[in-house]
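Asks: The sequence isn't on hand, but the structure is:
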């Protein structure tokens with residue numbers, strides 16, 4: 001039986017991977033948290049690793065650039081059919097997030113998984 005590979009729940013653009021590498025070089029290991037807050041949670045928060053306390057019900061979606069990426073469990077229920085694509089954009093970060101570089105912040109883009117990807121994901125749920 002030929003199974004489809006399990007897709008990554010979080011991908012990163014080359015720009016985001018470069019930004020992560022620079023942030024890690026500057027402040028040490030970091031983590032990401034996707035909340036369900038403002039603007040439908042479209043701005044991920046980047047923290048020094050361990051600076052943000054992950055709740056028992058939050059979901060670890062994946063690692064990106066060697067960093068853990070978590071999502072609020074309620075947001076996961078809404079977005080579980082969606083791949084998050086981490087990217088960067090111009091402008092200072094909002095809230096408590098670390099910047100992605102000078103005058104840059106992390107953003108997400110997304111795409112809906114296709115039917116084969118959803119089947120593969122159903123056999124390999126996200127870590128909690």
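Replies: Structure received. Worth saying up front: this structure is predicted, and the values here are computed from it rather than measured. Numbering: from 1, shown residues only.
Asks: what about the closest residue in space to residue 99 that isn't next to it in sequence, is that helix, strand or coil?
Replies: In this structure, residue 99 finds its nearest non-sequential neighbour in residue 93, 5.2 Å apart by CB to CB, 6 or more residues apart in numbering. No exception for glycine: its C-beta is placed from N, CA and C like everyone else's. What DSSP: H, G, I helix; E, B strand; the rest coil gives for residue 93 is coil.
Asks: Tell me the predicted confidence for residue 93.
Replies: Per-residue confidence at residue 93 stands at 87 (pLDDT).
Asks: and if you look at residue 96?
Replies: Residue 96 is assigned 86 on the pLDDT scale.
Asks: Secondary structure element holding it?
Replies: When elements are assigned from DSSP states H and E, residue 96 belongs to no helix and no strand.
Asks: who touches it in this structure?
Replies: 45, 47 (CB atoms under 8 Å, 6 or more residues apart in numbering).
Asks: Can you tell me how far it is from residue 115?
Replies: Residue 96 is 38 Å from residue 115, where distance means CB to CB, to the nearest Å.
Asks: My guess is the residue nearest to residue 99 contacts residue 106. True?
Replies: Yes: in this structure, residue 93 is within contact of residue 106 by CB atoms under 8 Å, at 7.1 Å.
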